[in-house]
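1. Everything below, folded, please.
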Amino acid sequence: MATTTMTMARALNEGLRRAMEANTKVLLMGEDIGKLGGVFRITDGLQKDFGEDRVIDAPLAESAIVGTAVGLAIRGYRTVVEIQFDGFVYPAFDQIVSQVAKLHKRTDGVYTMGLVIRLPFQGGIGAIEHHSESPEAYFAHTAGLRVVSCATPNDAYWMIQQAIEHDDPIIFCEPKSRYWEKGEVDLDEPPRGLFDAVVCREGRDVTMIAYGSMVKIALRAAEAAEAEGVSIEVIDARSLAPFDLDVMIASVTKTGRLVIVQEAPPTASLGSELAAELSEQCFYSLRAPALRVSAYQVPYPPSRIEEYYRPSVDRVLDAVDRVMEWES
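-> Modelled structure (predicted):
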């Protein structure tokens with residue numbers, strides 16, 4: 001097994017490179033992704049190696065970028081669109097929900113929609129307004145779209161390749177605060193399927209589900225709780241539409257307690273959906289109500305106070321204490 005250590009940003013770059021080498025119909029398109037290599041340098045060096053016809057510097061017009069990618073997908077190309085920041089995706093929202101999500105069904109399968117929309121999301125980088133949002137629930141709600149999120153370099157490397165190979169449109173959420181963190185990457189075999197959840201840490205008392213940037217927070221909370229005698233099982237959801245409910249149900253049935261950690265605000269969120277679904281499926285196993293640890297129901301704040309807005313280890317541990325103290 002060939003393994004190497006790299007950052008998530010580098011893993012995404014290498015995954016894109018491998019996909020482009022394997023299929024000449026894989027194209028990249030986005031603002032400043034060519035000569036600059038993207039604001040986070042995810043596409044660094046790819047235009048130099050594959051040319052301007054395959055790594056396309058697009059104008060500052062997200063709707064036009066996604067609309068062009070739709071036409072390319074109809075012609076059989078596999079286009080990977082980079083949205084520079086999460087808050088910039090909204091000009092393309094109409095294209096995504098009206099065209100990208102529906103063309104496969106509208107044409108009764110005549111057209112596939114092999115299109116990946118890379119979306120750097122969530123906060124934690126000290127950025128200004130519209131640069132640290134969590135819009136994943138909008139897309140998970142939209143039938144016809146699949147939504148995934150990587151949390152480790154190894155997942156980033158393999159999931160971007162699996163997303164490019166898939167015939168359905170994928171919203172590929174990348175936690176930008178984790179771009180520079182390093183991890184082991186297996187270059188030979190993907191560890192699991194694109195839509196599989198994974199148990200990151202086994203436990204017996206509480207099931208904790210997170211995704212994106214919050215997986216690290218969940219693991220840190222689990223370590224702290226272990227010192228107090230509470231065993232937390234941490235699940236990285238990875239796929240946000242569809243959820244891998246089998247893995248989650250098995251865990252909640254075992255532990256009887258559920259805490260969901262997300263960086264998004266709580267109302268009509270993925271955490272809300274998971275709490276509802278798992279409460280239905282595991283009703284007779286639950287020993288306490290399912291709890292959500294979320295950001296607050298306000299717009300993302302100025303960078304100086306963003307750490308008060310995002311879920312912290314202390315806030316997660318408070319939820320753990322509450323489900324452990326509950327008496328049926």
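2. Helices of the stretch 101-250 of the chain, start to end?
-> 103-106, 136-140, 153-165, 214-226, 245-255 (DSSP state H, counting those that start in this stretch).
3. Export the ones you listed as JSON lines, with columns for distance to Arg310, mean pLDDT and mean neighbour count.
-> All C-beta spots, glycine's among them, are computed from the backbone N, C-alpha and C. Below are the helices of the stretch 101-250 of the chain laid out as JSON lines (distance: least, Cβ to Cβ, whole Å; pLDDT from 0 to 100; neighbours: other Cβ atoms under 10 Å):
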{"stretch": "helix 103-106", "distance to Arg310": "36", "mean pLDDT": "89", "mean neighbour count": "16"}
{"stretch": "helix 136-140", "distance to Arg310": "15", "mean pLDDT": "98", "mean neighbour count": "22"}
{"stretch": "helix 153-165", "distance to Arg310": "21", "mean pLDDT": "98", "mean neighbour count": "24"}
{"stretch": "helix 214-226", "distance to Arg310": "8", "mean pLDDT": "98", "mean neighbour count": "22"}
{"stretch": "helix 245-255", "distance to Arg310": "23", "mean pLDDT": "98", "mean neighbour count": "18"}
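4. how about CSV for those helices, with distance to Phe50 added?
-> Shown next, in CSV, are the helices of the stretch 101-250 of the chain (distance: least, Cβ to Cβ, whole Å):
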stretch, distance to Phe50
helix 103-106, 27
helix 136-140, 28
helix 153-165, 14
helix 214-226, 32
helix 245-255, 37
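5. Select, out of these, the one closest to Asp314.
-> helix 214-226 (8.6 Å; Cβ to Cβ).
6. what's the neighbour count on the closest residue to Glu226 other than its chain neighbours?
-> What sits nearest to Glu226 in space, not counting adjacent residues and going by Cβ to Cβ, 6 or more residues apart in numbering, is Ile232, at 7.4 Å. Residues lying near Ile232 (other Cβ atoms under 10 Å) number 26.
7. how far out from the middle of the chain is stretch 247-255?
-> Centre-to-centre, stretch 247-255 and its host chain are 22 Å apart (Cα atoms, centre = their mean, to the nearest Å).
8. Residues touching it, excluding its own?
-> 196-199, 203-207, 209, 233, 235, 237, 258, 274, 278, 281-282, 285-286 (Cβ atoms under 8 Å, 6 or more residues apart in numbering).
9. If any of the residues you listed are buried, put those into a ChimeraX selection.
-> Remark: buried members of those, expressed as a ChimeraX selection using 16 or more other Cβ atoms under 10 Å:
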select :197,198,203,205,206,207,209,233,235,237,258,274,278,281,282,286
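10. of the helices of the stretch 101-250 of the chain, which approaches Thr43 most closely?
-> Taking the helices of the stretch 101-250 of the chain one by one with Cβ to Cβ, helix 153-165 is closest: 11.4 Å.
11. which other helices and strands contact the closest one?
-> Under the contact definition 3 or more Cβ pairs under 8 Å, 6 or more residues apart in numbering; DSSP states H and E, helix 153-165 sits against strand 3-7, helix 8-22, strand 78-82, strand 115-121, strand 170-175, strand 182-186.
12. Okay, buried residues for the second one please.
-> What that stands for is helix 8-22. Quick answer for helix 8-22 (16+ other Cβ under 10 Å): 8-20.
13. The next helix or strand after that helix pairs with which strands, parallel or anti?
-> Sequence-wise, the next helix or strand downstream of helix 8-22 (DSSP states H and E) is strand 26-30. Using DSSP bridges, strand 26-30 pairs in its sheet with strand 55-57 (parallel), strand 78-82 (parallel).
14. I'd like the average pLDDT over whichever helix or strand comes after strand 26-30.
-> As assigned by DSSP H and E, the chain's next helix or strand after strand 26-30 is helix 46-50. For helix 46-50, the mean per-residue pLDDT is 98.
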